[in-house]
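Asks: build the 3D model from these lines:
(2 chains)
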Amino acid sequence: MTYFIGSLETLQQFFPAYDWEHARKSLDGGQAVIEKEITAELEAQLTAENVFIFTYEQALDFLNDPVQAGVWFE
Amino acid sequence: MSKDVNKLLTGARDVVLAAVDQAGNANPAGVGDTFPLLHLDYVDEQSIQSDEKKVSITEGGGNVLQAGSIASVNVKSLCGAGAAVQSAQKFKNANCNIYGFGAWQSHKLTNFLMNLETPIEGKKGGKELLAFSSEKMIRPDETLGNLGQAADAYAADVAYRLNNIVKNIRQENLVFAVYPYLGNFAQAAKLYDASDNRFLGTLYNGPIWNAAPLAGYNVLTFDGVNDYADFGDILNGDGLSDRIIEVWVTIKGADGTNIIVLEKIQNLATGNPGFFINRQPDNKLYFCLNDSATSAGVGLGAPVLQGTTVHMFIAIDRDTKTSIYFNGSTVGSSVATSGIGSDANANSLLIGKVQSIYGNFNLGALRIYNFASGNLPNDAALAAMAARHYNAEKAIFGL
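Replies: The predicted structure is shown next:
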């Protein structure tokens, strides 16, 4: 499974059927995290939209990085 | 040989069915599936007693069937989790209540039509005896006493395993009990409360069911990225009733990170009524109880680092103090909680997150007991209970 982190609006366009109500969102609600299987085509499209594509460990490190204080956690 | 269970169960008050097959690991979802009948209480004299001569104890004005082995029950009528409404309609003419465990337990079924494949006359002709156990509640300080010592038997012997499930869920004062270590009963996106309340939790964003250290058991892994379980607005405290919260958890998140295990609170700040358990950034496990103005927190003095499994047993006496036991032993100092008022709030009971903070850990089991004001066991009994529960289950988690 791959973690996509990026603009909520962008991710919603790519994955309209996702359970967005229960997805993790940034404090301002503008970004979201979802888990999906990745394909080469999808990776190219999401990268072009500035969506981060992470492994689990990368996603965990990214979200817990102190620089994300005030963005992803209080 | 087939029998109409409606006749057999006339007058029965409570039956617990396990949503597992004879191997203990599958969910019956269709006609013809089998699952064990675990539990039956207070059967009318004119039904099983008079027909089958199996009753040997009279208690509380009713007849209590004795514990035995476990019989196979063949589902004649389809009653899968996805057909709850349909099932309820089918079973509307109830004179007994049938509870399911696992995938079935959110449904209180009635007048359940089944064919018994096993004659209840017993082991005549090599047939298995129909199994019943007493409905009588088991005090939390007298149960969970032999699980760990017989872990091998527990894993290998389905009957032993299921009888111990019944022992677990029939405890007095038990108001919430989830047992990921028993597996997911083929419902990977749900978490079932096995207490009489039968709360149903929903797992969001895919917590993973992984193997526990002891073969045959499971843990539920919350990834710390976005996984959590939501049980809705339940278990509001009244500020007077005492409570025990007990959890088996393995910390998986990196040292120095805040790991939310359990919470029912708006956020972690003082001034929000509710409670939470977390592994704080200083790596110490911590329990906090708040009313709208005051906070009382108690924690483990030593750090609980990544990869560590602990049994956390929190005893909250609203008249005096909150004490905490780790792995069966008391640690640290108690904190006064007599001044904490009601912690009721409108928030959901969540496992794995509070607001924007998530937890990366394995959940093995979580139990909550409520006691009327002043009825929490004394310190000696609490210490014995914490130790007994730890020793009973520690083998499952590799301790």
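Asks: helices of chain B, start to end?
Replies: If you assign secondary structure with DSSP state H, the helices in chain B sit at B:5-8, B:50-52, B:84-90, B:151-156, B:158-169, B:379-393.
Asks: I should have written chain A there, sorry.
Replies: Defined through DSSP H, the helices belonging to chain A, from first to last, are A:8-14, A:40-48, A:56-64.
Asks: so which residue of chain A comes closest to chain B?
Replies: Using CB to the nearest CB, the closest approach of chain A to chain B is made by A:R24 at 3.7 Å. All C-beta atoms are positioned from the backbone trio N, CA, C, and that covers glycine.
Asks: what pairs with that residue across the strands?
Replies: Beta-bridge pairing of A:R24 under DSSP bridges involves A:V33.
Asks: test my guess that it contacts B:G224.
Replies: No - with contact defined as CB atoms under 8 Å, A:R24 does not reach B:G224; the gap is 10.5 Å.
Asks: list the residues that contact both of the two?
Replies: Listed as contacting both A:R24 and B:G224 by CB atoms under 8 Å, 6 or more residues apart in numbering or on different chains are B:Y358.
Asks: returning to what we had before: turn the helices of chain A into TSV, columns for mean neighbour count.
Replies: TSV is the format used below for the helices of chain A (neighbours: other CB atoms under 10 Å in any protein chain shown):
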stretch	mean neighbour count
helix A:8-14	16
helix A:40-48	12
helix A:56-64	17
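Asks: turn those into a markdown table, columns for mean pLDDT.
Replies: Formatted as a markdown table, the helices of chain A follow (pLDDT from 0 to 100):
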| stretch | mean pLDDT |
| --- | --- |
| helix A:8-14 | 97 |
| helix A:40-48 | 94 |
| helix A:56-64 | 94 |
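Asks: in JSON lines: those, plus distance to chain B.
Replies: Listed next are these as JSON lines, based on distance: least, CB to the nearest CB, whole Å:
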{"stretch": "helix A:8-14", "distance to chain B": "13"}
{"stretch": "helix A:40-48", "distance to chain B": "17"}
{"stretch": "helix A:56-64", "distance to chain B": "5"}
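Asks: how about stretch B:176-188, does it get close to chain A?
Replies: No - where contact is defined by CB under 8 Å from any CB of the partner chain, no part of stretch B:176-188 touches chain A; the two come within 13.9 Å at best.
Asks: and the residue lying closest to B:A189 once chain neighbours are set aside, how many neighbours?
Replies: Counting by CB to CB, 6 or more residues apart in numbering or on different chains, B:A189 lies nearest to B:L203, which is 5.0 Å off, once chain neighbours are set aside. Residues lying near B:L203 (other CB atoms under 10 Å in any protein chain shown) number 23.
Asks: thought B:L203 was touching B:N184?
Replies: No - using CB under 8 Å, B:L203 is not in contact with B:N184; the gap is 9.0 Å.
Asks: in the stretch 101-250 of chain B, what residue lies closest to chain A?
Replies: Here the stretch 101-250 of chain B gets closest to chain A at one residue, B:N226, 3.7 Å apart by CB to the nearest CB.
Asks: which residues does the closest residue to that residue other than its chain neighbours contact?
Replies: In space, and not counting its chain neighbours, B:N226 is closest to A:R24: 3.7 Å by CB to CB, 6+ apart. With contacts taken as CB under 8 Å, 6+ apart, A:R24 has the following neighbours: A:32-33, B:205, B:225-226, B:356, B:358.
Asks: neighbour-wise, which one of these leads?
Replies: Of all the contacts of A:R24, the most densely surrounded is B:Y358 (29 neighbours; neighbours counted as other CB under 10 Å).
Asks: burial count for the residue nearest to that residue when sequence neighbours are not counted?
Replies: Closest residue to B:Y358 apart from its sequence neighbours, by CB to CB, 6+ apart: B:G224 at 5.1 Å. Here the number of neighbours of B:G224 (other CB under 10 Å) works out to 24.
Asks: I'd guessed B:G224 sits against B:I260; true?
Replies: No - between B:G224 and B:I260 there is no contact, the gap being 9.1 Å when judged by CB under 8 Å.
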